[in-house]
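Chemist: no sequence on this one, just coordinates:
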Ligand SMILES: Nc1ncnc2c1ncn2[C@@H]1O[C@H](COP(=O)(O)OP(=O)(O)OP(=O)(O)O)[C@@H](O)[C@H]1O
């Protein structure tokens, strides 16, 4: 299988204020990763380990301090329609209907109006929102809003779907049903997915592979293949194989961390701050 996404020695530093001085803070370091075309990769790690930073780098919303990111062999130099991002907070425009929200990305790439409407309706169907196209965001539940956000992301036909804790704000039951929906959509579309989550269960349930990140500075400390093939409606979470994989990820998350050397004792904001 060819790699959809390659991260090669990726590091991201931020400059922060630390006790009144400028300090360089390394959020992610030494990240090497290949995601095969069509793979569903879940990335799990503790709060603040750099998961969102990694996703922002792949999205092209920020640039690496070192290393390179390739998408289907081409360097990522900024945001583009070959990647679409779904965030935790749906980011829908409140004055636009569901259909018009889905049309948003299509407008930016110059798809003609009639085609936009058809594509928006097709993608609202795909996420199970047939009949809700004319609703405004405030008339939709949290789960429905996230479905609209997923439809909007898919409508531009990205090669890679980047998801940053998209179900974290939803109640447990809605989350489970959207997880099943996402698996169905992923199987139907064959997209490469990078899915960030705090949840070990969510990572094991959704991922074909789970990348485990270590705490600051974030590195990929483990890559675990998941050989489950969840069938929606079946209780795969009660399967002993699920429990074993869950335990592997849990154990990987508890590995002792390798700290970045510092020139100065950590202070309030940046434990790994090295003054510039
Ligand atoms: N723009 C920025 N400027 C300075 N520091 C930043 C910036 N963005 C992120 N950081 C820092 O980088 C580290 C990683 O942040 P990031 O949001 O990527 O972590 P995360 O794993 O996604 O966290 P969470 O799971 O809590 O959302 C944090 O310590 C954060 O404070």
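Modeler: Yes, it's here. Values in this document were obtained by computation on a predicted structure and should not be read as measured data.
Chemist: Tell me who's in contact with the closest residue to residue 133 other than its chain neighbours.
Modeler: Leaving aside its sequence neighbours, residue 133 sits nearest to residue 99 (Cβ to Cβ, 6 or more residues apart in numbering; 3.9 Å). (Glycine included, C-beta is placed from N, CA and C.) Counting by Cβ atoms under 8 Å, 6 or more residues apart in numbering, residue 99 touches 117, 120-121, 124, 133-134.
Chemist: Out of those, which sit inside helices?
Modeler: Of the contacts of residue 99, the ones assigned to helices by DSSP state H are 117, 120-121, 124.
Chemist: in the chain, which spans are strands?
Modeler: With strands called from DSSP state E, the chain shows them at 3-18, 21-36, 40-44, 66-71, 74-75, 83-86, 160-164, 192-197, 209-213, 220-225, 274-275.
Chemist: CSV for those, including distance to residue 237 and mean neighbour count?
Modeler: Conversion of those to CSV gives the following (distance: least, Cβ to Cβ, whole Å; neighbours: other Cβ atoms under 10 Å):
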stretch, distance to residue 237, mean neighbour count
strand 3-18, 28, 18
strand 21-36, 25, 19
strand 40-44, 15, 25
strand 66-71, 33, 17
strand 74-75, 38, 10
strand 83-86, 23, 23
strand 160-164, 20, 23
strand 192-197, 15, 25
strand 209-213, 15, 24
strand 220-225, 17, 16
strand 274-275, 43, 14
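Chemist: Among the ones in helices among the contacts of residue 99, which one has the most neighbours?
Modeler: residue 120 (26 neighbours; other Cβ atoms under 10 Å).
Chemist: ok, now which ones touch that one?
Modeler: By Cβ under 8 Å, 6+ apart, residue 120 lies in contact with 99-100, 102-103, 106, 133, 151, 155.
Chemist: Any of those buried? List them.
Modeler: Buried subset of the contacts of residue 120 (neighbour count, 16 or more other Cβ atoms under 10 Å): 99-100, 102-103, 106, 133, 151, 155.
Chemist: Could you identify the most distant pair in the residues you listed?
Modeler: 106 and 133 (13.9 Å; Cβ to Cβ).
Chemist: where does this protein dip in pLDDT?
Modeler: 1, 256-276 (pLDDT under 70).
Chemist: pull the longest helix from it.
Modeler: Across the chain, the helix with the greatest residue count (assigned by DSSP H) is helix 172-189.
Chemist: Could you name the helices and strands sitting against it?
Modeler: When contacts are defined as 3 or more Cβ pairs under 8 Å, 6 or more residues apart in numbering; DSSP states H and E, helix 172-189 sits against helix 142-155, helix 200-206.
Chemist: Get me the contact residues on the stretch 101-250 of the chain for the ligand.
Modeler: With Cβ under 6 Å from any ligand atom as the criterion, the stretch 101-250 of the chain meets the ligand at residues 198, 216.
Chemist: sorry, back to before: nearest to residue 234, out of the helices and strands packed on helix 172-189?
Modeler: Per Cβ to Cβ, nearest to residue 234 of the helices and strands packed on helix 172-189: helix 200-206, 11.5 Å.
Chemist: Need the residues that contact that closest one.
Modeler: 40, 42-44, 167, 175, 179, 182-183, 195, 197, 210, 226, 228, 230, 236-237, 242, 245-246, 249-250, 253.
Chemist: hmm, back to that, how about the longest helix of the chain: buried residues?
Modeler: 174-176, 178-183, 185-186.
Chemist: which of these lies closest to the ligand?
Modeler: Closest approach to the ligand among the buried residues of helix 172-189 (Cβ to the nearest ligand atom): residue 175, at 16.2 Å.
Chemist: Can you tell me the closest non-neighbouring residue to that closest one?
Modeler: Nearest to residue 175 is residue 167, by Cβ to Cβ, 6+ apart, at 4.4 Å.
Chemist: Quickly note the distance from residue 44 to the ligand.
Modeler: 10 Å (Cβ to the nearest ligand atom, to the nearest Å).
Chemist: tell me the centre residue of this structure?
Modeler: Closest to where the C-alpha atoms of the chain average out (Cα atoms, centre = their mean) is residue 163, at 2.7 Å.
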